[in-house]
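In: Got a predicted structure here, sequence first:
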Amino acid sequence: MPRFAPFPTTRMRRVRRTPALRALVREDRLAVDDLIWPVFVREGEGTLEEVPSMPGVVRRSVDMVVEAAEQAAALGIRAMCLFPYTDASLRTEGCEEAWLPDNLSNRATRAIKAAVPGMAVMTDVALDPYNANGHDGIVRDGVIVNDESVEALVRMGLAQAEAGADILGPSDMMDGRIGALRAALEEAGHQDVTIMSYAAKYASAFYGPFRDAVGASGRLVGDKKTYQIDPLNAEAGLRCVERDLSEGADMVMVKPGLPYLDMVRRVKDRFGCPTFAYQVSGEYAMIRAAAAQGWIDGERVMMESLMAFRRAGCDGVLTYFAPEAAGLIAKGWE
């Protein structure tokens, strides 16, 4: 039997007639609490450096990252994710800078936690910002070596936890790194540090502007297809999510975002765990570029794209639009 009476007894437009009625029957909500703001940090003081391929996004010196954290908190944003733009002289094949206690990322973490204690600081656990080869793992004779990379990633994650990071974001896609990192955190007394695993991270062409932002584009030798997931492989992505949850991940991420909303839905339906997506640099840049040409309403497309993540099952989203979206939400945007 049909669930609804036929037209005209049922008129679906009745509940769409006014803003009040539309709000009353809205199935989901986009809130500021759903937003994590990715921020790029660089050396210097009082420095704001534009990222050409990401209009509106800048690299900030540590003092300016603190200022950004204060502004974010005033908007109600409760979480930021740090990505370092490391000086070329510090990028080596051994990636030793990655786990130094006073490297750029760790200094920024300490500065934010000192100035805005309530801000949740998320960090990136991957070697590409420190790697002379531009890869997320250590390269030996042209091969990204898994187990040696995991050892380095664990050292990196521990240094970040010591600096005060609330959330570690392993984005490297090496096998076994979540279990190794969780065990090391427990042993070191950091049992309360959260892991948000980049569990279903695909070998995507949407990452280009990000690699510009962290200075990895010109250094990448080859591609990342031996460790990131083939874009046609949904079941492989689900297996990676299941593995990371079994090894101790508290939350999981699908990356990229909009082109992989099917994966968000499948992850949420199958595992029911806290599920996030990253609206990556290429997604951001396309919206900004089309809006700059007047081809789309940039503000509305931005908000609609964020709504899509919530509708697909995301508990939250990493997005460069976070401050702009938070401002609109505070104004009661519809």
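Out: Right, received. Where do you want to start?

In: the longest helix in the protein is where?
Out: Taking DSSP state H as the criterion, the chain has its longest helix at helix 146-163.

In: Return the set of buried residues in that one.
Out: For helix 146-163, the neighbour count (16 or more other C-beta atoms under 10 Å) marks 146, 149-150, 152-163 as buried. All C-beta spots, glycine's among them, are computed from the backbone N, C-alpha and C.

In: Now do the strands in the stretch 101-250 of the chain.
Out: Assigned strands in the stretch 101-250 of the chain, in chain order: 120-125, 139-140, 143-144, 167-170, 194-201 (criterion: DSSP state E, counting those that start in this stretch).

In: For those, give me a markdown table that also has mean pLDDT and mean neighbour count.
Out: Listed next are the strands of the stretch 101-250 of the chain as a markdown table, based on pLDDT from 0 to 100; neighbours: other C-beta atoms under 10 Å:
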| stretch | mean pLDDT | mean neighbour count |
| --- | --- | --- |
| strand 120-125 | 98 | 24 |
| strand 139-140 | 94 | 16 |
| strand 143-144 | 94 | 16 |
| strand 167-170 | 98 | 26 |
| strand 194-201 | 98 | 25 |
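
In: Including distance to R300, could those go into a markdown table?
Out: Converted to a markdown table, the strands of the stretch 101-250 of the chain look like this (distance: least, C-beta to C-beta, whole Å):
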| stretch | distance to R300 |
| --- | --- |
| strand 120-125 | 28 |
| strand 139-140 | 44 |
| strand 143-144 | 41 |
| strand 167-170 | 30 |
| strand 194-201 | 28 |
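
In: and of those, who's closest to D212?
Out: strand 120-125 (15.8 Å; C-beta to C-beta).

In: and that closest one with strand 194-201, angle?
Out: With axes from the mean of the first three to the mean of the last three C-alpha atoms, to 10 degrees defining the directions, strand 120-125 sits at 50 degrees from strand 194-201.

In: What is strand 120-125 packed up against?
Out: If you count contacts as 3 or more C-beta pairs under 8 Å, 6 or more residues apart in numbering; DSSP states H and E, strand 120-125 packs onto strand 79-84, helix 104-115, helix 146-163, strand 167-170.

In: As CSV, could you dump the C-alpha coordinates of the second one?
Out: Yep, that's helix 104-115 we're talking about. The C-alpha trace of helix 104-115 is given here as CSV (Å, rounded to 0.1, in the frame of the first residue of the first chain):
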residue,chain,number,x,y,z
LEU,A,104,56.8,24.4,13.2
SER,A,105,53.7,22.4,13.7
ASN,A,106,54.4,21.6,17.3
ARG,A,107,55.2,25.3,18.1
ALA,A,108,51.9,26.3,16.5
THR,A,109,50.0,23.7,18.6
ARG,A,110,51.5,24.9,21.8
ALA,A,111,50.8,28.6,20.9
ILE,A,112,47.2,27.9,20.1
LYS,A,113,46.6,25.8,23.3
ALA,A,114,48.2,28.6,25.4
ALA,A,115,46.1,31.3,23.9
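
In: so how far is it from its chain's centroid?
Out: For helix 104-115, the separation from the chain centroid amounts to 18 Å (computed by C-alpha atoms, centre = their mean, to the nearest Å).
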